[in-house]
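J.: pasting the sequence and the predicted model now:
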Amino acid sequence: MTKFYRDITRHLKLLAPLLFSLACGGEDDTRLINNPYLNTIPVALNLNLNLPQYNILKYPGNFLELNNQGIGGIVVYNVNNSLYTAFDLSDPNHNPNNCSSMTVEGVIASCTCSDNNSYDLVTGQHQTENQAYPMLPYRIHRNGDVLVITN
């Protein structure tokens, strides 16, 4: 089994409890609603995967950053062509500022603030601190060749 598939399998195992808790209104749901750092901004996007600017999302393991969307931009990640994630790129453990905008490398989003927070793009969870606020997720589903992203 290649490293890529081991990583995807590991991320899917981590994602299942998060999706279940979000769907069932668990503790993570409360932490998202009560995040004192981020105020949600309405998002309603349709990304046609047949257009050149979104075509990269047809392939598992790829991501796309959408600037000027959400609070600090939105990152969309293709887990396996039927599962996609979308998160805000403003660090959920800082008030939005110059260092709280996160950059993406592989499956990790990181801020440049002194605490160097980093998050998993599949689960949205902080890499090292379980009690930290998770990334702000957006609802995303695939309808044919269109990704629909809302909050």
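T.: Now that the structure is in, tell me what you want to look at.

J.: so where's this protein shaky on pLDDT?
T.: 1-33 (pLDDT under 70).

J.: mind checking how far the most centrally placed residue in it is from M135?
T.: Nearest to the mean C-alpha position of the chain, counting by C-alpha atoms, centre = their mean, stands F87 at 2.9 Å. Using C-beta to C-beta, to the nearest Å, F87 is found at 4 Å from M135. To be clear about C-beta, it is placed using only N, CA and C from the backbone, and glycine gets the same treatment.

J.: joint contacts of the two?
T.: Common contacts of F87 and M135, defined by C-beta atoms under 8 Å, 6 or more residues apart in numbering, comprise A109, Y119, G124.

J.: contacts only, for the last one.
T.: For G124, the set of contacting residues under the criterion of C-beta under 8 Å, 6+ apart consists of L18, T85, F87, P134, M135, L136, P137.

J.: ditto for the first one
T.: By C-beta under 8 Å, 6+ apart, the residues touching A109 are V75, F87, L89, M102, T103, S118, Y119, L121, M135.

J.: that one bridge partners, please.
T.: Beta-bridge partners for A109, by DSSP bridges, are V104, Y119.

J.: for N50, see how far away it is.
T.: Applying C-beta to C-beta, the value for A109 to N50 is 27 Å.

J.: with L89 instead?
T.: According to C-beta to C-beta, L89 stands 25 Å off from N50.

J.: go on, L121?
T.: Look at L121 and N50: by C-beta to C-beta, they are 23 Å apart.

J.: quick revisit: which members of the contacts of A109 are classed as buried?
T.: V75, F87, L89, M102, Y119, L121, M135 (16 or more other C-beta atoms under 10 Å).

J.: nearest to L38 among these?
T.: Using C-beta to C-beta, M135 is the member of these that sits closest to L38, with 9.6 Å.

J.: N93 is in contact with that closest one, correct?
T.: No - assessed by C-beta atoms under 8 Å, M135 is found out of contact with N93, at 9.7 Å.
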